[in-house]
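Undergrad: Take a look and give me a structure for this.
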Amino acid sequence: MYIILAAESQTLDWVQIIVQSLITIGVVFGGAGFWEFLKTKFQAKREDQKAENASNDQINKMAGQMNEMSIQMTTLTKDVKDIRHDLFLLQEANEATVKYREARDKHDKELAVVQHAIIQSLTGILRERLLENYNRCMEKGYYTKEEREVYGAMYECYVADPFNGNGVMHQLQPKMVALPWTEEEANK
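TA: Numbers count the residues shown, from 1 in each chain. From the prediction side, this is the model:
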């Protein structure tokens, strides 16, 4: 009978093959066991998909971190370049400062020589004027109030900084102060 049915319809053959296969699978896996098998296979496939998704998420996260690190490296490279430029500028500024200080020190030395010469010249002029006033007052024999003011101011300059005059003028000062104030007092 099986042979007759197979000859009559090809559709029945396919249905029969499918049913026979299902029965065979049911027998092999034991009916409900087949559905458990399919369920286990489906769950395993779902877990594989989850693991793959988690792996992809981890790869994406790592790619994001790599991108962030790349941005940080770019920023760091720029910062290093800026620091090098700043160091170059500092080095140039330091060299300019050293040159300026050398020029300033040279100028200060030259200026000190000139100032010393001026002070020496003025000290000589003050000394000459003090001696001239001393000689004139000694010849007259008196020392007026106006002369005392002028002579006293010149003498104070002569002995003070920066002139620091010394020598004969210190010995002559007491003699000048001892002179009388007017011509009448000198003639007495």
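
Undergrad: ranges for the helices of the protein?
TA: Using DSSP state H, the helices of the chain run over residues 2-8, 10-29, 32-140, 145-159, 168-178, 183-187.

Undergrad: tell me the angle of the longest one relative to helix 168-178?
TA: Orientation note: helix 32-140 sits at an angle of 60 degrees relative to helix 168-178 (axes from the mean of the first three to the mean of the last three Cα atoms, to 10 degrees).

Undergrad: Any chance of the helices of the chain in CSV with mean neighbour count as columns?
TA: (Each C-beta comes from the backbone N, C-alpha and C, glycine too.) Converted to CSV, the helices of the chain look like this (neighbours: other Cβ atoms under 10 Å):
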stretch, mean neighbour count
helix 2-8, 9
helix 10-29, 11
helix 32-140, 11
helix 145-159, 15
helix 168-178, 13
helix 183-187, 11
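
Undergrad: now the ones you listed in TSV, with mean pLDDT?
TA: Output for these, formatted as TSV (pLDDT from 0 to 100):
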stretch	mean pLDDT
helix 2-8	49
helix 10-29	64
helix 32-140	87
helix 145-159	88
helix 168-178	85
helix 183-187	81
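
Undergrad: any idea which residue sits dead centre in this protein?
TA: In the chain, the residue lying closest to the centroid (Cα atoms, centre = their mean) is Asp86, at 8.2 Å.

Undergrad: What separation do you get for that one and Asn133?
TA: Going from Asp86 to Asn133 by Cβ to Cβ, to the nearest Å gives 66 Å.

Undergrad: now do Met176
TA: Distance from Met176 to Asn133, counting by Cβ to Cβ: 8 Å.

Undergrad: again, but for Ser21
TA: Look at Ser21 and Asn133: by Cβ to Cβ, they are 146 Å apart.

Undergrad: again, but for Asp79
TA: The spacing between Asp79 and Asn133, counted by Cβ to Cβ, is 76 Å.

Undergrad: Equivalent analysis for Pro174, please.
TA: Pro174 sits 15 Å away from Asn133, going by Cβ to Cβ.

Undergrad: again with Lys109
TA: Taking Cβ to Cβ, one finds Lys109 at 36 Å from Asn133.

Undergrad: Quick one: residues contacting Lys175.
TA: Contact partners of Lys175, counting by Cβ atoms under 8 Å, 6 or more residues apart in numbering, are Tyr134, Met138.

Undergrad: now do the one 5 residues further on
TA: Listed by Cβ under 8 Å, 6+ apart, the contact partners of Pro180 are Gly141, Tyr142, Tyr143, Ala186, Lys188.

Undergrad: what's the closest non-adjacent residue to the last one?
TA: Spelled out, it's Lys188. Nearest non-adjacent residue to Lys188, counting by Cβ to Cβ, 6 or more residues apart in numbering: Pro180, 8.0 Å away.

Undergrad: now swap in the second one and tell me
TA: Of all residues not flanking Tyr142 in the chain, Ala186 sits nearest, at 4.0 Å (Cβ to Cβ, 6+ apart).
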